[in-house]
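S.K.: Build me a model:
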Amino acid sequence: MLSILIVNWNTREHLRRCLESIHRYPPRIEWEVVVVDNASSDGSAEMVAKDFPEVRLVASDRNLGYAAGNNLAFNMARGSYLLTLNPDTEFFDDSLSKAVGTMIAKQAVGALTGRFLNPDGSHQPNIRGFPRPMSILWEISGIAKRFPNSKFFGAYRMKYFDYSRPGIAEQPMGTFILYRKEALNEVGAFDERFPIFFNEVDLLYRMHLAGWLIWYTPEVQLVHYGGESTKQVKKSMIWESHRSLIRYFLKWHVRPWNFVFFLPLIAVIYIGALVRARGWDAGFKG
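M.R.: Down below sits the predicted model:
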């Protein structure tokens, strides 16, 4: 069974089109949709209850955040395959069936993503490397921008990634990630210390450490409109993305013996948040 899990905040019409596209191109196995609405003020929950009564709806009276909202959906899900899906997406073919089929065929895959398209049909990059101190340093310093196709200097944004071929992908964008429930049972769900950003990065890194493959396949395609919730509160999201990166480093890379070496990097990340929040250009964008 496939459980499609959508956390929504004030994107009613995108959510409507997303749900319509799922019904237009349903997976060829048993499936369900769980929508967790984070106290939207635009009538999203009411729309789902009225127009999609088959959806399992949780209308929260407060904004739980992305991580906690998905964890709630994880606990409700009945499927062996759990898809975290942003509401600002649409399907135009049977990609849901293709995604599940790939997971069934590749038992070592713990998480899977596909090709993202912009509304005009152009390609939208959605694969990055795990954030590592040196790769982020190259981003902040601007060196990565000068050598974007270098697997050493450009290892974070991975602009050299071949989107035409299936293969391992360290850190897919969280917009569409199909998880194997067995893998989630082993490594756990989202760490709620990352409420909006880097929660899927942290989860995927735990899967990676546990030996599960993270897979990309171009056969799975969807349209992604991009950031329809976060752009409503852009400045606060800039701050949160940079703070979450620091939390990620503190969790996975900073230790008592090397803490002093991370202080300059942490300071620069905070400065980058200030610069971006004021609308200036900065070397690193999360």
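
S.K.: Tell me where the protein has strands.
M.R.: Assigned by DSSP state E, the strands in the chain fall at 2-8, 31-38, 56-60, 81-85, 89-90, 109-117, 123-124, 127-128, 167-168, 171-172, 176-180, 213-224.

S.K.: So which residues of the stretch 1-150 of the chain form helices?
M.R.: Along the stretch 1-150 of the chain, the segments classed as helices by DSSP state H, counting those that start in this stretch run 12-24, 44-51, 66-76, 95-105, 133-141, 143-146.

S.K.: Of the ones you listed, which shows the lowest average pLDDT?
M.R.: Mean pLDDT values for the helices of the stretch 1-150 of the chain show the minimum at helix 133-141, a mean of 89.

S.K.: Now do residue 146: how many residues are near it, please.
M.R.: If you count neighbours by other C-beta atoms under 10 Å, residue 146 ends up with 11. Bear in mind the C-beta positions are built from the backbone N, C-alpha and C, glycine included.

S.K.: and what of residue 154?
M.R.: Neighbours around residue 154, by other C-beta under 10 Å: 22.

S.K.: ok so, going back, wait, which of the helices of the stretch 1-150 of the chain is closest to residue 83?
M.R.: helix 95-105 (7.4 Å; C-beta to C-beta).

S.K.: same for that closest one, what does it pack against?
M.R.: strand 2-8, strand 81-85, strand 109-117, strand 176-180, strand 213-224 (3 or more C-beta pairs under 8 Å, 6 or more residues apart in numbering; DSSP states H and E).

S.K.: Mind listing the strands the last one pairs with, and their directions?
M.R.: Translated: strand 213-224. Take DSSP bridges as the rule and strand 213-224 pairs in its sheet with strand 89-90 (antiparallel), strand 109-117 (parallel), strand 167-168 (antiparallel).

S.K.: so for stretch 255-273, what's the average pLDDT?
M.R.: Stretch 255-273 shows a mean pLDDT of 80.

S.K.: Quick one: end-to-end length of stretch 138-152, please.
M.R.: End-to-end distance of stretch 138-152: 9 Å, with C-alpha to C-alpha, to the nearest Å as the criterion.

S.K.: that older thread, export the strands of the chain to JSON lines and tack on distance to residue 241 and mean pLDDT?
M.R.: Shown next, in JSON lines, are those (distance: least, C-beta to C-beta, whole Å; pLDDT from 0 to 100):
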{"stretch": "strand 2-8", "distance to residue 241": "17", "mean pLDDT": "98"}
{"stretch": "strand 31-38", "distance to residue 241": "18", "mean pLDDT": "98"}
{"stretch": "strand 56-60", "distance to residue 241": "23", "mean pLDDT": "97"}
{"stretch": "strand 81-85", "distance to residue 241": "18", "mean pLDDT": "98"}
{"stretch": "strand 89-90", "distance to residue 241": "20", "mean pLDDT": "98"}
{"stretch": "strand 109-117", "distance to residue 241": "19", "mean pLDDT": "98"}
{"stretch": "strand 123-124", "distance to residue 241": "18", "mean pLDDT": "96"}
{"stretch": "strand 127-128", "distance to residue 241": "13", "mean pLDDT": "98"}
{"stretch": "strand 167-168", "distance to residue 241": "25", "mean pLDDT": "97"}
{"stretch": "strand 171-172", "distance to residue 241": "14", "mean pLDDT": "96"}
{"stretch": "strand 176-180", "distance to residue 241": "18", "mean pLDDT": "98"}
{"stretch": "strand 213-224", "distance to residue 241": "18", "mean pLDDT": "98"}
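
S.K.: Using a markdown table, please lay out those together with distance to residue 98 and mean neighbour count.
M.R.: Shown next, in a markdown table, are these (distance: least, C-beta to C-beta, whole Å; neighbours: other C-beta atoms under 10 Å):
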| stretch | distance to residue 98 | mean neighbour count |
| --- | --- | --- |
| strand 2-8 | 12 | 25 |
| strand 31-38 | 14 | 23 |
| strand 56-60 | 24 | 17 |
| strand 81-85 | 12 | 24 |
| strand 89-90 | 15 | 22 |
| strand 109-117 | 8 | 23 |
| strand 123-124 | 18 | 14 |
| strand 127-128 | 18 | 20 |
| strand 167-168 | 16 | 12 |
| strand 171-172 | 16 | 22 |
| strand 176-180 | 10 | 24 |
| strand 213-224 | 5 | 20 |
